[in-house]
Structures are given as structure tokens and as C-alpha cells.
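**Student:** Sequence first, predicted coordinates after that:
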Amino acid sequence: MALPRVLSVIGAGQMGIGIALVASLRAKIPTVLLYDRDPSQITKGLEFMDKLLAKDVSKGKTSEDDAKAARGRIISITSSSASSSTSNNDEFGWARELGERGSDMVVEAASERLSIKEGIFRALAKNLSKDAVLASNTSSISITKLAGAAVEGLGSTISKANEEGKSCAGRVVGVHFFNPVPVMKLCEVIPGLQTSEVTLERAKAFAVACGKEVSTSKDVPGFVSNALLMPFLNEAIMCLESGTATRDDIDKTLRLGMGHPMGPLQLADFIGLDTCLAIQETLYEGTRDSKYRPSVLLGRMVDAGWLGKKSGVVEFISFA
Ligand SMILES: NC(=O)c1ccc[n+]([C@@H]2O[C@H](COP(=O)([O-])OP(=O)(O)OC[C@H]3O[C@@H](n4cnc5c(N)ncnc54)[C@H](O)[C@@H]3O)[C@@H](O)[C@H]2O)c1
């Protein structure tokens, strides 16, 4: 199955940077375009990528030439660079630039919010070639819904039921990498109801080329991975909230008693508390099952802007 020639990664946060890195270094995709609406995220992310590559080289895992070539295949796209080739104040100049540069696959790894992802999928469907695979790294949001948004991006003359609409929705798929992407061995692939066989196979081939094993999940809230993991993390936060045990004892119990490499509170900090809350809310809203209600403490911490490792403070680790 053919791999993309020009891959676009949307979102240069912890996941987007990792995906761009494995796509370039492992899958050797000839061109990897990296877009974020916040240019400072690209700068910060590429600095982090340089450190990861330097570490790989110093440990002898990657040759200096390979690291240099991988970095050279990554091109940053910012709203300002994109709008200079189009008109000023062009909200979707970035999507047009990805299309003009011949992007034949996208992995969207922007923040875990439905409205953000729907906006991105509308813009992608409108501006990219009709054959491009449109993949999302979402942790929980419905791929079927994102495929619907892609069809809306084609304009009011195309419906979800006509052939053009079906073909557009057919190229949307979930490719759920895990954090940290260069280290974790799995990619969970999620077909939406409309995803075509060809799209599914192209997504799997891409994940394998990035060095991952593949598992498949149906398009249910949280898929297999987060339908299992997030309620566990949420329960650990509820234990802390109710005073069942201290932060240290909760994490120690799971690390030393159950053999988990990280305690659940440390893991929540690592994932990002905003992402954990967003996933838990998708589980709750998508099932209306009270067992998925997010912990009040988790919500309050996100309200306070305490997001875990990515906000520079390890929140639960510094939680009294
Ligand atoms: N953190 C994890 O452990 C993990 C694991 C698997 C999957 N995911 C999923 O990956 C995605 C990204 O997560 P993350 O942890 O990298 O988040 P993050 O907060 O580190 O990064 C998100 C990035 O998206 C950018 N962004 C937001 N809106 C955008 C837009 N409209 N256009 C372009 N860029 C935009 C932000 O500026 C930010 O750089 C989410 O869907 C998340 O659920 C996260």
C-alpha cells in the first residue's frame, strides 16, 4: 500500500511533534508539513525534536546523517507564511497551502475539542486533493462525526448521501498514536461508519511504516484505549478528591502493587489534564452513563490552568 509523499501534521503539541518525527525518521516520508495556529508551538516543538534526535544520535540509535535528513524533510507552515501567498486575513490560507504543496495525507493532532477538529476537517476537505487521506489522532472524538464535518466543508451542494459526499467521508479515519510517540509501540486505527477499505489500509500501512503495531477499534467514545484508561485515571483523581489516600500512596499502589510503570496521577499529568478532562467529557456525553462523570477536582484544576507536564508544572506531583 502506497505511503504518502507529502504528509501534513496539524498541531505541533506533544503528539503532533512526535508524529512528525516518526513519519520523517522511521517512515521516511519525503516531505512532512507541520502546521499549528500558534507559531510559538512550532518553534518550541522543533527545539524539542532536535533534542530527541540529538539524544538518539548520542545513544547510537540513529546515525547523524539520518537525523539530519529526517529534520530536513520537515517544513513548518504558519498562518502568516500561508497568508503571504494568498490574501491577508485568510483564515484558511494554511489549508490552501497544504493543498498547493500536494499533501496526500493529513494527521490532525490539534487540541481535543470537537469544534476545533470539525473546523479543521471542513477546511481540509475543501482545500486538499480528493484522494488525500484525512486522519485524526483524536483520543475520543467520533471519527464518523469528523467525516461528516469534512463533507460539510465541500459546500451546500454536496450532501452526505450523494456519491461525492460519500467518497469524501470515506477518506476520514482515526490513527491514534500514544504518548510519547517515538517510544510507544502501538497505533490504534479507527474506521468511522463511512471509512473506505482503501483508506483504512492506507492508514494501517502508514502506522506500520512509522514503526508501530496496529490495533483496530470501532468508533465508540474513547475507542478501546481510552474507554478503558480514562475511567481508571478519573477514579484515581476521585480517590484523591475524597481523601481515600494521598497522591503518593495512590500512585505507589498502582506502581508497586500492580506493576504499572507510572501511577495514574503521574500519567494524567503526563497526558495533560485538559486532554484527560476533554476525553472524560466525550465519554460521558457520548454514553450518558453516569459512571463516566468527570471528577470535580479534575475540572477545577483545568479551570485553574493547571494542565500537568505541558504547562511546565507537574500538577498532581506538586498537589498537596
Ligand atoms: N497527550 C496525550 O497523551 C495524547 C495521546 C494520544 C492522543 N492524543 C490526542 O492528540 C491530540 C493532541 O494532543 P496533545 O497532547 O498534543 O495536545 P497539546 O495541547 O500538546 O497540543 C495541541 C496543539 O494543537 C494546536 N491547535 C489548537 N487548535 C488548532 C487549530 N485550529 N489549528 C492548528 N493547531 C491548533 C495548539 O496550538 C497546540 O499546539 C488531541 O486530540 C489528543 O486527544 C493525546
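**Tutor:** Right, received. Where do you want to start?
**Student:** Return the distance of whatever residue of the chain ends up closest to the ligand relative to E47.
**Tutor:** Nearest residue of the chain to the ligand (C-beta to the nearest ligand atom) works out as G13 at 1.8 Å. (C-beta placed from N, C-alpha, C; glycine too.) Distance of G13 to E47, computed by C-beta to C-beta, to the nearest Å: 14 Å.
**Student:** Between the two, tell me which one has more neighbours.
**Tutor:** G13 (18 against 10; other C-beta atoms under 10 Å).
**Student:** Identify the residues contacting the more buried one.
**Tutor:** By C-beta atoms under 8 Å, 6 or more residues apart in numbering, the residues touching G13 are 36, 41, 45, 109-111, 310.
**Student:** Spell out which parts of the stretch 201-320 of the chain neighbour the ligand.
**Tutor:** By C-beta under 6 Å from any ligand atom, the residues of the stretch 201-320 of the chain that approach the ligand are 271-272, 275, 310.
**Student:** Show me the residues you listed that map onto helices.
**Tutor:** Under the assignment DSSP state H, these contribute 271, 275 to helices.
**Student:** Buried members of the residues of the stretch 201-320 of the chain next to the ligand into ChimeraX, please.
**Tutor:** Selection of buried members from those for ChimeraX, criterion 16 or more other C-beta atoms under 10 Å:
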select :271,272,275
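**Student:** show me where the stretch 1-150 of the chain has helices.
**Tutor:** 14-25, 39-58, 64-72, 79-84, 93-100, 114-127, 143-152 (DSSP state H, counting those that start in this stretch).
**Student:** Give the buried residues for the second one.
**Tutor:** For helix 39-58, the buried set under the neighbour-count rule, 16+ other C-beta under 10 Å, comprises 39, 41-42, 45-46, 49, 52-53, 56-57.
**Student:** then it to CSV, C-alphas only?
**Tutor:** The C-alpha coordinates for helix 39-58 follow below in CSV (Å, rounded to 0.1, in the frame of the first residue of the first chain):
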residue,chain,number,x,y,z
PRO,A,39,3.7,29.6,15.6
SER,A,40,5.4,29.6,19.1
GLN,A,41,4.3,25.9,19.4
ILE,A,42,6.1,25.0,16.2
THR,A,43,9.3,26.7,17.4
LYS,A,44,9.1,25.1,20.8
GLY,A,45,8.2,21.7,19.3
LEU,A,46,11.0,21.7,16.8
GLU,A,47,13.5,22.6,19.5
PHE,A,48,12.2,19.6,21.5
MET,A,49,12.5,17.4,18.3
ASP,A,50,16.1,18.5,17.9
LYS,A,51,16.9,17.4,21.5
LEU,A,52,15.2,14.0,20.8
LEU,A,53,17.2,13.5,17.6
ALA,A,54,20.5,14.5,19.3
LYS,A,55,19.8,12.0,22.2
ASP,A,56,19.1,9.2,19.6
VAL,A,57,22.4,10.0,17.9
SER,A,58,24.4,10.1,21.1
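**Student:** Report the angle between it and helix 14-25.
**Tutor:** 50 degrees (axes from the mean of the first three to the mean of the last three C-alpha atoms, to 10 degrees).
**Student:** same question, the fifth one
**Tutor:** Interaxial angle of helix 93-100 relative to helix 14-25 (the same axes, to 10 degrees): 20 degrees.
**Student:** Helix 93-100 and the ligand, are they touching?
**Tutor:** No: contact of helix 93-100 with the ligand (C-beta under 6 Å from any ligand atom) is absent, the minimum separation being 7.7 Å.
**Student:** Now A203: phi and psi?
**Tutor:** When read as degrees, to the nearest 10, the backbone of A203 gives phi -60, psi -40.
**Student:** Chain neighbours aside, what residue packs nearest to it?
**Tutor:** V173 (4.5 Å; C-beta to C-beta, 6 or more residues apart in numbering).
**Student:** so the one you found sits in a strand?
**Tutor:** Yes: secondary structure of V173 (DSSP: H, G, I helix; E, B strand; the rest coil): part of a strand.
**Student:** Quick one: residues contacting it.
**Tutor:** V173 sits in contact with 133-136, 143, 189-192, 195, 199-200, 203, where contact means C-beta under 8 Å, 6+ apart.
**Student:** got the CA positions of the helix or strand D269 falls within in PDB?
**Tutor:** Assigned by DSSP states H and E, D269 belongs to helix 264-271. Extracted in PDB, the C-alpha atoms of helix 264-271 (Å, rounded to 0.1, in the frame of the first residue of the first chain):
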ATOM      1  CA  PRO A 264      -2.400   7.100  37.400                       C
ATOM      2  CA  LEU A 265      -1.900  10.600  38.800                       C
ATOM      3  CA  GLN A 266       1.500  10.900  37.200                       C
ATOM      4  CA  LEU A 267       0.100   9.500  34.000                       C
ATOM      5  CA  ALA A 268      -2.700  12.100  34.000                       C
ATOM      6  CA  ASP A 269      -0.100  14.900  34.400                       C
ATOM      7  CA  PHE A 270       1.900  13.400  31.500                       C
ATOM      8  CA  ILE A 271      -1.100  13.200  29.200                       C
END
